[in-house]
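K.L.:
this is the structure alone, sequence omitted:
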């Protein structure tokens, strides 16, 4: 499965080069809840995969950005930064999902500050600590005002993505944009 996944990413990198996409979001290895592999093994597999993908991505001008996810081997920014600092490639980065951060109990403002130079992309949707969700902005527990202030504080210039799971996407996206403008997003 790892070989298949690496090949899929190699193909996606080729497509990104062809159509001019500058980065790909990568979840750093799923860990099943039932008998998960030890973290050291999961991180080793991630490192081995990245050692294959990175030279290809660098030649293509594509950056690989790791996303925090509660089912990954690195659900928090602190874990990702530790890994990225040790790995040491400027062709890697972080896509920080504030809803995923909320669900795992992470302080989003501290996570943004910790991500610092690695932060390339922010995914914006709402969630709570008791329910993993990508709800419309302003409908759960994420403090988007604090998130906006933290991003300004670190002079974030990357990409922000509104990421909603909704049965009324058009109305919820319009509401999300109004909410974000209220907090200073443009």
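P.N.:
Perfect, thanks for sending it. The model shown is predicted, which means the values in this text are computed figures rather than measured ones. Numbering: from 1, shown residues only.
K.L.:
can you show me the strands along this structure?
P.N.:
Secondary structure of the chain by DSSP state E: the strands cover 23-26, 63-67, 92-97, 119-124, 159-162.
K.L.:
tell me the strands beside the last one, with direction?
P.N.:
Take DSSP bridges as the rule and strand 159-162 pairs in its sheet with strand 119-124 (parallel).
K.L.:
now the partner strand: mean pLDDT?
P.N.:
Averaged across strand 119-124, the pLDDT comes to 98.
K.L.:
show me the contact partners of that strand.
P.N.:
With contacts defined as CB atoms under 8 Å, 6 or more residues apart in numbering, strand 119-124 is touched by 23, 25, 63, 65, 67, 93-100, 112, 137, 144, 147, 151, 154, 156, 158-163, 176, 180. Where you see a C-beta, it was placed from the backbone N, CA and C, and this is true even at glycine.
K.L.:
same check on stretch 101-114?
P.N.:
Stretch 101-114 is contacted from outside by 68, 70, 75-78, 81, 96, 98, 119, 122, 126-129, 131-133, 140-143, 146-147, 149-151, 153-154, 156, using CB under 8 Å, 6+ apart.
K.L.:
of the strands of the chain, flag the one that's most buried.
P.N.:
Here the criterion is mean neighbour count by mean count of other CB atoms under 10 Å, and of the strands of the chain the winner is strand 92-97, at a mean of 26.
K.L.:
packing partners for that strand?
P.N.:
strand 63-67, helix 77-87, helix 108-115, strand 119-124 (3 or more CB pairs under 8 Å, 6 or more residues apart in numbering; DSSP states H and E).
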